[in-house]
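In: please work out how this folds:
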Amino acid sequence: MSIMPSEKSNSELPDELTTDIYSENIAFWDKAWNPVKTAYTQMPDLPYLESIPRNLKEHGCQSVLDLGCGSGWLSIYLARLGFSVTGIDIAEQAINLAGAWAEQENLKITFEAGDITSMNYAAGTFDAVVANSIFEHLTLNLAQTTVAELFSLLRPGGIFFGCFDQVGTGPGEYFELTDKTHVYTDKGRKGMLLRCFNDAELKQLFSGWQIISLETIESGSRLLWAKKL
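Out: Predicted coordinates for the structure are as follows:
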């Protein structure tokens with residue numbers, strides 16, 4: 001898989017982006033998406049789904065970045081409701097599927113293949129960012145880098161929504177980094193990063209923001225709404 005090149009020099013990127021561990025993480029997502037030939041077009045049964053567009057509208061958001069969009073279900077959902085949506089994902093095949101789905105529904109959505117940890121959107125580009133079950137696949141350091149970049153690309157008063165899943169060890173073999181990120185080594189998930197962020201870490205990640213709400217739902221996932229100050 002090829003990644004959209006970053007305009008940033010290597011000296012500006014986190015050291016983790018140049019490691020074999022991160023390269024294997026990218027290869028995992030490429031391998032996971034390449035065999036998928038059609039997007040799964042059924043919307044997930046999530047108890048908080050309807051609250052996303054409702055809260056975005058309440059805060060006057062129109063342009064939305066869907067972080068780690070996969071084959072585009074959340075982008076499609078928001079575009080159907082009139083939002084101007086850009087979806088970004090590191091897997092080119094996922095982006096291909098998302099684009100085909102949007103075309104079938106005659107929805108104008110911008111889908112781009114790229115790394116969410118080193119994006120090149122101009123400051124103030126978006127009113128909102130949504131990240132559904134995405135940060136679990138970042139180390140703590142990469143999460144910090146990404147949140148800082150999201151702060152920049154949002155307009156003043158811009159909104160962030162994230163679902164942070166309560167992930168466990170799961171099946172398979174892995175080793176643990178010093179920040180407790182699991183790096184899987186078994187055949188099925190080789191290279192995948194998986195990390196659980198606790199409430200204290202989430203509050204620290206968004207310490208420069210106004211945290212509107214942070215709640216835990218029945219599944220154990222945390223839903224975080226934050227506003228750029």
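In: for residue 100, phi and psi?
Out: Dihedral pair for residue 100: phi -60, psi -40, per degrees, to the nearest 10.
In: mind checking how far it is from residue 94?
Out: Distance of residue 100 to residue 94, computed by C-beta to C-beta, to the nearest Å: 11 Å. Any C-beta I mention is one placed from the backbone N, CA and C, and that applies to glycine too.
In: okay, the two: which has more neighbours?
Out: Counted by other C-beta atoms under 10 Å, residue 100 and residue 94 do not tie: residue 94 has more neighbours, with 25 against 14.
In: which SS state does that one fall under?
Out: Secondary structure assignment for residue 94 (DSSP: H, G, I helix; E, B strand; the rest coil): helix.
In: does it touch residue 33 like I think?
Out: Yes: here residue 94 reaches residue 33: they are 4.7 Å apart, a contact under C-beta atoms under 8 Å.
In: now list whatever residues contact both of those two.
Out: Listed as contacting both residue 94 and residue 33 by C-beta atoms under 8 Å, 6 or more residues apart in numbering are residue 71.
In: could you list the low-confidence segments of this protein?
Out: 1-18, 168-171 (pLDDT under 70).
In: what comes into contact with the longest strand that the chain contains?
Out: If you go by DSSP state E, the chain has its longest strand at strand 154-164. Here strand 154-164 makes contact (C-beta under 8 Å, 6+ apart) with 48, 52, 55-56, 59, 61, 124-136, 150, 197, 202, 206, 209, 212, 221-228.
In: sheet partners, orientation included, of that strand?
Out: Using DSSP bridges, strand 154-164 pairs in its sheet with strand 126-132 (parallel), strand 222-228 (antiparallel).
In: tell me where this protein has helices.
Out: 20-33, 51-58, 73-80, 92-104, 140-153, 199-205 (DSSP state H).
In: residue 141 contacts residue 181, correct?
Out: No: applying C-beta under 8 Å, one finds residue 141 not in contact with residue 181, separated by 9.2 Å.
In: check contacts around the residue lying closest to residue 122 once chain neighbours are set aside.
Out: Spatial nearest neighbour of residue 122, chain neighbours left out: residue 153 (7.2 Å); criterion: C-beta to C-beta, 6 or more residues apart in numbering. Counting by C-beta under 8 Å, 6+ apart, residue 153 touches 65, 119, 121, 122, 123, 124, 125, 126, 129.
In: 6 Å - rerun?
Out: Residues near residue 153 by C-beta atoms under 6 Å, 6 or more residues apart in numbering: 121, 125, 126.
In: roughly how far does the spatially closest residue to residue 203 that is not a sequence neighbour sit from residue 205?
Out: Nearest non-adjacent residue to residue 203, counting by C-beta to C-beta, 6+ apart: residue 211, 6.7 Å away. Separation of residue 211 from residue 205 (C-beta to C-beta): 10 Å.
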